[in-house]
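>>> Show me the folded form of this:
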Amino acid sequence: MYALTRLGRAVVTAGAALVLATGLATSAQATTGHFSYASESGEALGFDDPDDGECYLLVSGALRAENGTHAKATFYAEQGDCESAVVGSPLPPGMARSFQGGTIPRSVRFG
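Got it, this is the predicted structure:
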């Protein structure tokens, strides 16, 4: 009888741990696809599957960007600061844009 009680407690404890681990865990949603850009220094840069809502630094700014992800990309004027002034309108998935002759974005956020 005592063995059944111990087994029952172990099952309840394991179940509670599982609920806490899966119920409270928040995982970032990834945007799938590749984002690429040409920096002011002429480098071809980019990254794959960025997290939605995360602010990404555009090293040396972006003269041209290509959004090969499935989410819109919003560009910002300051480095690593997706709260600064927005540069242009959001770039839809599968589209490209040149920023030459205007404000060059230094950060981007997806979602």
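>>> Tell me the bridge partners for the spatially most central residue of the chain.
When Cα atoms, centre = their mean is applied to the chain, the residue found nearest the centroid is Asp51 (2.1 Å). Beta-bridge partners for Asp51, by DSSP bridges, are Ala30.
>>> Make sure it is actually in contact with Thr69.
No. Look at Asp51 against Thr69 with Cβ atoms under 8 Å: they stay out of range, at 11.0 Å. For glycine as for every other residue, the C-beta is placed from the backbone atoms N, C-alpha and C.
>>> mind listing what the residue nearest to the centre of the chain touches?
Ala28, Gln29, Ala30, Thr31, Phe110 (Cβ atoms under 8 Å, 6 or more residues apart in numbering).
>>> How about Glu83?
By Cβ under 8 Å, 6+ apart, the contact set of Glu83 is Tyr76.
>>> helix/strand/coil for it?
strand (DSSP: H, G, I helix; E, B strand; the rest coil).
>>> Now do it against Gly94, distance only.
For Glu83, the distance to Gly94 (Cβ to Cβ, to the nearest Å) stands at 27 Å.
>>> Nice, that's everything, thank you.
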